[in-house]
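*Asks:* Prediction below, plus the sequence it came from.
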Amino acid sequence: MSLNHVFNPVQLRHKTLKNRIVFGAHTTNMARDGLPGDQHLGYYLERAMGGAAMIVVEPMPVHAAAVLTRGNFRPASDDVIPHFKRITKACQAHGTVMIQQLYHVGAHGDWDNSWHANWSPSGGPSYHDNDGSHEMTVAEIEETIDGFVQAAIRCQKAGFDGVEVWAAYHCLLDQFWTPFSNQRTDEWGGSLENRTRLSCEIMTRIREACGGDFIIGLGVNDDSGIEVCLGHDEMVEIIALHDADRLMDYVTVGAGSYFDFYKILPSFQYGENLGVDLAERLKAVGITALVTAEANIRTPENANAVLGAGRSDLVSLVRGQIADPHLVTKAQEDRIDDIRGCLSCNQQCWGRRGRDYYISCLINPSAGHEYLWGGDRFTGADRAKSVLVVGAGPAGLEAARVAAERGHHVTLAEASSELGGQFRLAGLQPRRAQITDLIVWYTRQLGKLGVDVRFNTYLDAEEIAAFGVNEVVLATGSLPAGTGFQKALPHVAEMPGVRAGSVWSTEDVMGRAARLGKRVIVLDEGGHWRGIGTAWFMAEAGHDVTIVTPDAMIAKELVRSATDLPARRSLAALGARFVTESAIVEWQEEGARILSLLTGEETLIEADSLVIATGNVADTGLHHDLLEAEITPRLIGDAAAPRLAAAAIYEGRKTGLSL
């Protein structure tokens, strides 16, 4: 397919970008003692090798008050310079322009990490937590400006081609721009000129300090749907004001803010190309700076369409290049079908960053481990082995693929007639078809690699022994317990009435085996997509759904991936009822007896069917039989311990690399 717009070079100040794809800034949280190391080098180098024209390295806090995460870099320290030099030099060797983002989150800091009061224009509230902030004095504003300038000078000394000044998501600079958060009456507040004085001074002084051969970008966002945020007209006016004085060479437009955090990393629940509308407005007014569109632009095809329509000059694909760091090269080589598409799930990128861990990727577990595993490329094995992988869920699929990539002769045996296991069922939930696309991708890759895929092949220990292979990988997954056991009631081994009928697992529902009545109760102990997505599926199909959970909120575990509120909104719009901090003490013909874990009160919720989303148990029978036959398999995924798909694919990758 023609991607001529993507692969049309463009001039950015003194540099020529070889294509229009940017790997935009995001916090990887990989710093150790505030310094970038081998983990950073491997991570960014892989994307440079993969063809990204420009990489914007994760934000550098410009002041002690700006520190936000455990993995932030040291602010105001020259110690970072030699460490960054390794990264810039290595990536620039692949023709990649290297930028570093400079940031200050203002009121929305994290005292537990910074050990410093949050600073803001007018002492406004934090939307990161419940802390208040300190109203900056004029001296502190000057101190902050100097922090930005000194950080830019360090970036230049470290070999960066430029910096991106962050003014997005209602950070400090956006707080000064926005009347809601800037209620000052001095020269830093009130009029538009005063409210933009801080950002203009920062960029002017960076140019004076770093000279003409240094790129300056500006990062902004579109959160025009929030009443107190700046609308499109106001944002266009502000950016045009900076552009009129040629303060920046490019502007990046994202989505969301601390007021609507979910749109900052829009999941599959949102439409694509969220940052394009404001980008298009900026193009329409004819600003001279290049415009980069960001936010849920997932694929090269999407990027090409946005660029071809003149809606932006550049496109930032972040999660797409986390999922497949060689996305750009594969697109340029007309290998679109080989690109492993991002699921927009947020489970290991934001899901780990939100818990203050370093980031990774559900479908590309090499992300964050490039320095250990050699990135997303595979070296051949010293000796080709015969390998039997039993089970074609996500763990088995990845183990088979990686083993075959390394030159082993692989047979993949699946008991059913389809690939994917329970992961395939997840792809049937509303808006989760990207999972189905991934399974199709595996099908193509296994075919190209010559993997012998055998469907409807249920193997016992004797049959596995007859294969006579060098290695057996057991990825047989897990099964619903069938007992209705609840962690909230550990003294009750089996829910009374669970075998009385009209009780189903989520697998039964998504596999179309369940015969549901109109009124359905979902017992959800996991708080993840297994229960929530199934409830959504049933509600969309017209069932009256009640979700019962021992947690204090529905979809508790989805908080990690910033998908919980959109999930609850979708369920609420479909009429789903939420019953929290409760357990089911008995299933009976009339419905379920519900126990309040707060008061001990019992009530009856009338229902026709019960769907159970409690913990699964590993399918261990074949494993035990193989050990008795003196065959020691490699046990991976849910067969080792029931967990989420990220653990299964990680173990599949790790096992394939170790064979």
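*Replies:* Looks like it came in fine.
*Asks:* Would you mind identifying the next helix or strand past the longest helix along the chain?
*Replies:* If you go by DSSP state H, the chain has its longest helix at helix 138-157. Going down the chain from helix 138-157, the next helix or strand is strand 162-166, by DSSP states H and E.
*Asks:* list the helices and strands the helix or strand following that following strand packs on?
*Replies:* The element immediately downstream of strand 162-166 (helix or strand, assigned by DSSP H and E) is helix 172-177. Applying 3 or more C-beta pairs under 8 Å, 6 or more residues apart in numbering; DSSP states H and E, we find helix 172-177 packed against strand 119-120, helix 197-210. Every residue, glycine included, has its C-beta placed from N, CA and C.
*Asks:* Can I get helix 172-177 in PDB, CA atoms only?
*Replies:* C-alpha atoms of helix 172-177 as PDB (Å, rounded to 0.1, in the frame of the first residue of the first chain):
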ATOM      1  CA  LEU A 172       2.400  24.500  35.000                       C
ATOM      2  CA  LEU A 173       2.600  26.500  31.800                       C
ATOM      3  CA  ASP A 174      -1.000  25.500  30.900                       C
ATOM      4  CA  GLN A 175      -2.000  26.500  34.500                       C
ATOM      5  CA  PHE A 176      -0.600  30.000  33.800                       C
ATOM      6  CA  TRP A 177      -2.500  30.100  30.400                       C
END
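*Asks:* Okay, buried residues for the following helix or strand past that helix please.
*Replies:* The first helix or strand that comes after helix 172-177 along the chain, using DSSP H and E, is helix 192-195. Residues 194-195 are the ones in helix 192-195 that count as buried (16 or more other C-beta atoms under 10 Å).
*Asks:* For burial, what's the neighbour tally of Leu372?
*Replies:* Neighbours of Leu372 under the rule other C-beta atoms under 10 Å: 13.
*Asks:* Could you do Ser570 as well?
*Replies:* 18.
*Asks:* Contact partners for Asn4?
*Replies:* Asn4 makes contacts with Asn304, as judged by C-beta atoms under 8 Å, 6 or more residues apart in numbering.
*Asks:* Let's verify it: helix, strand, or coil?
*Replies:* With DSSP: H, G, I helix; E, B strand; the rest coil as the basis, Asn4 sits in coil.
*Asks:* One more: Thr655?
*Replies:* Thr655 - assigned by three-state DSSP - is helix.
*Asks:* Excluding chain neighbours, what is closest to it?
*Replies:* Ala399 (4.8 Å; C-beta to C-beta, 6 or more residues apart in numbering).
*Asks:* any weak-confidence spans in this structure?
*Replies:* Scanning the chain for pLDDT under 70 picks out 1.
*Asks:* At the geometric centre of it, which residue sits there?
*Replies:* Asn346 (2.8 Å; C-alpha atoms, centre = their mean).
*Asks:* mind checking the SS state of that residue?
*Replies:* Asn346 ends up coil, using three-state DSSP.
*Asks:* my read: it touches Val559, true?
*Replies:* No - assessed by C-beta atoms under 8 Å, Asn346 is found out of contact with Val559, at 10.8 Å.
*Asks:* Name the residues of stretch 651-659 that are buried.
*Replies:* For stretch 651-659, by 16+ other C-beta under 10 Å, it's 651-657, 659.
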